[in-house]
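Asks: just a sequence and a predicted model for now, questions to come.
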Amino acid sequence: MLRFVLLMSLVVTAGLVAAVAWQQWRYLNARRSVVHDRQAIFHSSQVFHVVTWLALREDGEVIDAVRKLRSVLESGGNASMVYAGKAVTNALHSEQLKARLGEEPHWDALVVMQYPSREAFDAIAATDAYRQALLGFAQTWSHGMQRPAMANLMIPVMYLALRVRQIVTGAPSHFPFVQADELPDEAKQRAAELLSEPELGKDAVLVANLLKRGTPAQAAADRAYGMRMLAMMAEAPCGIMHMGRAVSLDPAVEFDQVALVYYPGVQFFADMARSTFFQGIVGDKQLGDTEATVTVPILERL
């Protein structure tokens, strides 16, 4: 009997290890071949990330401008670009940013840079080359992120656990999305903007979020919204690619968290945004402040 129990324990353990390994491979494959994100799975706790929003000058072209920026930022060998995206729609605007910049910004691109440490970033940011590179854009905004490697490594495992629970409990599927009978004009506009990028956004969309927690009541509503979205992502599958503590580079603007979330293409995202599922829960997305920009990947074109 003991031998049988030990054997079954080994079989179950081997099955769990295989399932987790498969899930990690699946998300890594999406990161590399679909989102074209070059984030290392493991990295030092000292590593510092900077997310930079970019608005082009009138004569600018997105891929050319970001390519030139990458060349400057990576030239010293102490920085690497892990993600670059063309902004498709500016979904939500931060009240803090509007006050700080004096207007509601319209972003054209976004990049995520990795530096060996906060000190390494500060040294590079103090150089004339860095300042001149950003002056090539009409407007920029950068926010830091402390991205814990192990916590991010566990995100796919969380989605796997949610998916197993759905299967075991017989939870109804989220798909196919059912379009809502009535849509706000803003939702229609966002969907149209998304579907205007059928080539770059065919397989992937990455939404960059700066998040500031609200009141306890807002936080409770937002948790309910988040759990519904996580359940949908577990089934899709898609979900969070980068998550970390927000680190302000400007004392006038404070956020709590940075999250970059992957969805499988503009058609998927547009269908989701227009669905009864999303329209039924989006009102619970309540935060103290947020900046959310929907992008499509361009790093492989730089």
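Replies: Nice, thanks for sending it over.
Asks: for A208, see how far away the closest residue to H143 other than its chain neighbours is.
Replies: The spatially closest residue to H143, leaving aside those adjacent along the chain, is V51, at 5.4 Å (CB to CB, 6 or more residues apart in numbering). To be clear about C-beta, it is placed using only N, CA and C from the backbone, and glycine gets the same treatment. Computed as CB to CB, to the nearest Å, the V51 to A208 distance reads 6 Å.
Asks: next: M113.
Replies: 13 Å.
Asks: low-confidence ranges in this structure?
Replies: 2, 4-9, 11-12 (pLDDT under 70).
Asks: now the longest strand seen in it: buried residues?
Replies: In the chain, with assignment by DSSP state E, the single longest strand is strand 80-92. By neighbour count with 16 or more other CB atoms under 10 Å, strand 80-92 contains the buried residues 80-91.
Asks: got phi/psi on the nearest residue to A109 once chain neighbours are set aside?
Replies: Excluding its sequence neighbours, the residue lying closest to A109 (CB to CB, 6+ apart) is L54, at 4.4 Å. Backbone torsions for L54, taken as degrees, to the nearest 10, come to phi -130, psi 130.
Asks: bridging residues for L54?
Replies: Taking DSSP bridges, one obtains A109, T140 as the residues bridged to L54.
Asks: was I right about it contacting F137?
Replies: Yes: between L54 and F137 there is a contact at 5.0 Å, judged by CB atoms under 8 Å.
Asks: more neighbours, the two?
Replies: L54 (26 against 20; other CB atoms under 10 Å).
Asks: for that one, what are its contacts?
Replies: 65-66, 69, 107-111, 137, 139-140 (CB atoms under 8 Å, 6 or more residues apart in numbering).
Asks: can you do 7 Å?
Replies: 107-110, 137, 140 (CB atoms under 7 Å, 6 or more residues apart in numbering).
Asks: Serialize the residues you listed to TSV and add fields for distance to Q286.
Replies: Output for those, formatted as TSV (distance: CB to CB, whole Å):
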residue	distance to Q286
W107	23
D108	28
A109	28
L110	24
F137	32
T140	28
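Asks: which among those residues gets closest to A161?
Replies: Nearest to A161 out of these is L110 (CB to CB; 30.3 Å).
Asks: and the gap between that closest one and E300?
Replies: 15 Å.
Asks: so for those two, which sits in the more crowded spot?
Replies: Shown here are L110 and E300; by other CB under 10 Å, L110 has more neighbours (23 against 10).
Asks: how far away is E300 from E199?
Replies: The value you get for E300 to E199, if CB to CB is used, is 13 Å.
Asks: do Q146 as well
Replies: 35 Å.
Asks: helix/strand/coil for the residue nearest the centre of the chain?
Replies: Centroid-nearest residue in the chain: L260, 1.2 Å away (criterion: CA atoms, centre = their mean). Here L260 is recorded as strand under DSSP: H, G, I helix; E, B strand; the rest coil.
Asks: for the residue lying closest to M113 once chain neighbours are set aside, name its beta-bridge partners.
Replies: Nearest non-adjacent residue to M113, counting by CB to CB, 6+ apart: V50, 4.8 Å away. Note on V50: beta-bridge partners by DSSP bridges are M113, G144.
Asks: show me what the longest strand of the chain is packed up against.
Replies: If you count contacts as 3 or more CB pairs under 7 Å, 6 or more residues apart in numbering; DSSP states H and E, strand 80-92 packs onto helix 62-73, strand 109-115, helix 185-195, strand 289-297.
Asks: doesn't G239 make contact with the residue nearest to the centre of the chain?
Replies: No: look at L260 against G239 with CB atoms under 7 Å: they stay out of range, at 10.4 Å.
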